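J.: Please find the sequence and the predicted model below.
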Amino acid sequence: MHLFTLLPLPYSLGVLTLAYIQNFCFTSSTTSPVKVCILQNSFQPGFVAEGDYIIGGIFPLHYNQEMPDLNCTYKPPPVKCNGHRFDPRAFRWAQTMRLAVEEINENPELLPNHTLGYKIFDSCAYPLTGQRAAIAVLNGINEDGAPMCSGASPLLAIIGESGSAQSIVVSRILQPFQIPMISYFSSCACFTDRIQYPTFFRVIPNDDYQVKAIAQLLVRFNWTWVGVVNVSVLRFKFMSFCLVSSLQILSYFPMSCFIKVMRNSLARVVVVFSAEGEMTPFLRDYMTQNITGIQWVASEAWVTASVFTRKEYYPYLGGTIGFGIRTGYISRLSKYLERVNPQRYPNNPLVQELWEALYGCRPSLSSASQLPLCSGQESVLEQHSAYLNTSSPRVAYNTYKAVYAIAHSLHNLLMCQPGNGPFENKSCAQSDNVLPWQHLNLVNFDLKGDSVPYYDIINWQRGTSGNIEFVSVGLFDGTKPAGEELVIQEDMIMWAGHQSEVPVSVCSASCLPGFRKAVRHGEPVCCFDCVPCDSGKISNQIIDCTFCPEDFWSNKDRTICIPKKVEFLAYDSLGIALTVISVVGACLTIAVFAVFFYHRKTAIVRVNNSELSFFTLFALTLCFLCSLVFIGEPTFWSCMLRHTAFSITFSLCISCILGKTLVVLAAFSATRPGKNIMKWLGPKQQRAIIFSCTMVQVVICAAWLIHARPYPTRNTKYERSKIILECSVGSSLAFWCVLGYIGLQACLCFVLAFLARKLPGNFNEAKFITFSMLIFCAVWLAFIPAYISSPGNYTDAVESFAILASSFGLLFCLFAPKCYIILLKPEKNTKQHLMGKEKKGGATVDSGKHIPVPTFLRCVASIKLKINEYFSSNGTFTCFKLLACFLCSFVNKMQIYEIYKLLHSVFIYILHSNFFSILNF
């Protein structure tokens, strides 16, 4: 199996290179008495210092490399870094490593009797060159030739790399040798995988914390429509941001495409995850297009890049805000950097390139640069540059900490007491043969190899000289509780365009309270329209409207929930009107009662059965008053009283009228008046009829209250914005049974009164009862659909109105004519007038019609002879005549068998005839 199928590509290249070196060593040993290892291409280190233990250092001293022409016709030249892209800041990091090693060697308490050395190489900020630098570090001090390896390698650890891509390559090369690597600037979250990178450590927080910090910054300033450069969109998915564009800076992709997207975009905030070297050509083209007004959010990779601090960058980069590595203090760094000059290091090409980058001149004639020769009087103190900027060292401080971490780890190994060691059988490392993997037991930060997540918030502001200065305006502390990590002093921030107001970068402005976001089809979630919330919902600049609690409703603006309006048939305009009508009706009834009581000796009162009239007036008074129970807030007791009081009082009233109808019909239907009639319908029998009919309703109401009594309820189904306080009937069946029984009484009373409509004389009581029952039935037939369809508290108003209307109908139809005669026509209040016999010229004239009533036997005979004729024609013989025959036979106490046959004939008629023809009289 090929090696490429087992290992990732960078790893494979490194192993193949090592294999090639070993193979070359073996060949050389067979042809020469001196066994040496010769690297195929020279790769000189930038700085070298010998010591008992060597620490490697890999820094991006150049931005990129120059690739040679590989045509395979001659030996390829070595890969060289581009001298025109020298990075003074990275050079400062390398010098910080040298300073740390020198301080440790001078410290008698740290690594006594031992010295540290270093080998520092340039990675050119490119993975391939970083790979060669890692391989070079693994070899001896002298790369031209060395005897065959024997004993442990003096290399203990490597400080590097800056870019995550380079660190991945270097780490995979070092893994087979268990050599620890501490990065000072690689923040990729991928390194937290201890299976893939077991020997990788770092003194910078991983990108997960940085992404979290940037996301909280975007949320803090409500930036939802942002552009992202050189970062995976997946990192921001968990924060639900809208990314107008996600651009990956690639060397082979035209920068004009990126600039075009930024120019056409509405996003005013751009988040950039990129290295300093990648940003330089991008910003060059960006400035050429003269685009301003962009609020940059910088990652720690370039937020403190001094190369962008010149005054010409301010119109385009001023106001940039980002997260920088926590600053530190290195007391001797500034003076140490001042010592670096071409005179001190005449043969170091890196120092020469530093001078060329700082002063634009070549320090010696040996330099291949075409720049003019320097005067020799230049000093770093006279040049403000990224190299000498030590006011707030960040990456340099990380490098400094990394060296000391390795030194303390080595010190602990060397100071180990036998029997208390960290290795097998509590053994210690051999001081003359310390292996690199032994550091892994003591070099650690956390379970993932990371350091404490802590960032300074940096804002780019104009300095006194016009250059850009890095001002700390806050911090992000990942050790604090969630939501408290970000601390910002907003009043200290200067935004893009030298503005003090926070820039706005949204696809759609936030919805006002009372509106919700309606996402546009096919567009990101932060592009939306604002639509009003539905009734009963509120919003406060959230994605969707939320329902109000059960007893609350939204206000007019849909911004807050307010208690629902509680409605019932209160004593307002409608309630007061019903109350007045009820009281007036009760007073009129009492007045009629008083009139009847005062004229109780008169003929019209006596003929109308004064006792039943008083019972009827008493029941009507209760009917008027029971409508008052429907007005006011429903309670447990009022709900039970409403329907029961109404049903019992009306049943009492109709029972009284029914009793009076029977008495009238019996009295005027006998052939021999006064004979045995009142024996059957005397006062006691009348009271018994009233009591019995009323008790049936009382029993129904009692069963209703026991089984499913009415109760107060809060109705929100009809109108959700209000709470309707009403009485639930408890049992609909019981409610309709109550009404049905009253209807049955009224119908029976109507039928009997209709039979007696043509009684003799001027006594029209039956007609008045007929009209009153017609009005009563009409009111309650109209009540049923009105009750079912009435909304809210109008249901109680409809029932109360039906009670009052039917009560007034009974009062006026039954008692108004009598009161008229009593009060206005007293001359007609005589027995002769009521019986239809008036004296004209001394003679008595019968003014009424005489209607002979057949006896029972003749009635039965008539039915038997004409029953067939009746069913075959529409003659004048009606059901009411049959009922009259029945009453006649009942009054004369005829045989039961004959009554049965008569009822049977009536029943057969009802079944075979059109019932509505009964009303056709």
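T.: That came in fine, so what should we check first?

J.: gap between the two ends of stretch 543-554?
T.: Across its full length, stretch 543-554 reaches 17 Å end to end, with CA to CA, to the nearest Å as the criterion.

J.: for that stretch, which positions count as buried?
T.: Applying a neighbour-count criterion of 16 or more other CB atoms under 10 Å, one finds Cys545, Cys548, Trp553, Ser554 buried in stretch 543-554. (Glycine included, C-beta is placed from N, CA and C.)

J.: what pairs with the third one across the strands?
T.: Spelled out, that is Trp553. For Trp553, the beta-bridge partners under DSSP bridges are Ile562.

J.: So it sits against Cys561, correct?
T.: Yes - if you go by CB atoms under 8 Å, Trp553 and Cys561 touch, sitting 6.8 Å apart.

J.: still on that earlier bit, for Asn412, state which of the buried residues of stretch 543-554 is nearest.
T.: Looking at the buried residues of stretch 543-554 and their distance to Asn412, the nearest is Cys545, at 62.5 Å (CB to CB).

J.: Now do the contacts for that closest one.
T.: Under the criterion of CB atoms under 8 Å, 6 or more residues apart in numbering, the neighbours of Cys545 are Arg516, Cys533, Asp534, Lys537, Ile538, Ser539, Arg558.

J.: Which secondary structure element of the chain has the lowest mean pLDDT?
T.: helix 9-31 (a mean of 35; mean pLDDT, DSSP states H and E).

J.: which stretches of the stretch 651-800 of the chain form strands?
T.: Taking DSSP state E, counting those that start in this stretch, the strands of the stretch 651-800 of the chain run over residues 711-715, 722-728.

J.: wait, which of those is closest to Val219?
T.: For those, distance to Val219 was read as CB to CB. The smallest value, 39.7 Å, belongs to strand 722-728.

J.: The closest one pairs with which strands?
T.: Sheet pairing here is set by DSSP bridges, and for strand 722-728 it gives strand 565-567 (parallel), strand 711-715 (antiparallel).

J.: will you turn those into a markdown table that also has mean pLDDT, distance to Leu116 and mean neighbour count?
T.: Rendered in a markdown table, the data for the strands paired with strand 722-728 read as follows (pLDDT from 0 to 100; distance: least, CB to CB, whole Å; neighbours: other CB atoms under 10 Å):
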| stretch | mean pLDDT | distance to Leu116 | mean neighbour count |
| --- | --- | --- | --- |
| strand 565-567 | 84 | 83 | 14 |
| strand 711-715 | 86 | 83 | 15 |
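
J.: what about those strands, which gets the closest to Ala49?
T.: Between Ala49 and the strands paired with strand 722-728, the shortest separation by CB to CB is 86.8 Å, and it involves strand 565-567.

J.: Return the set of buried residues in whichever helix or strand comes after the closest one.
T.: The C-terminal neighbour of strand 565-567 among helices and strands, as given by DSSP states H and E, is helix 573-598. Neighbour counts using 16+ other CB under 10 Å place 574-575, 578-579, 581-582, 585-586, 588-589, 592-593, 595-596 of helix 573-598 among the buried residues.

J.: Helix 573-598 - what's its average pLDDT?
T.: Averaging the model's pLDDT scores along helix 573-598 yields 91.
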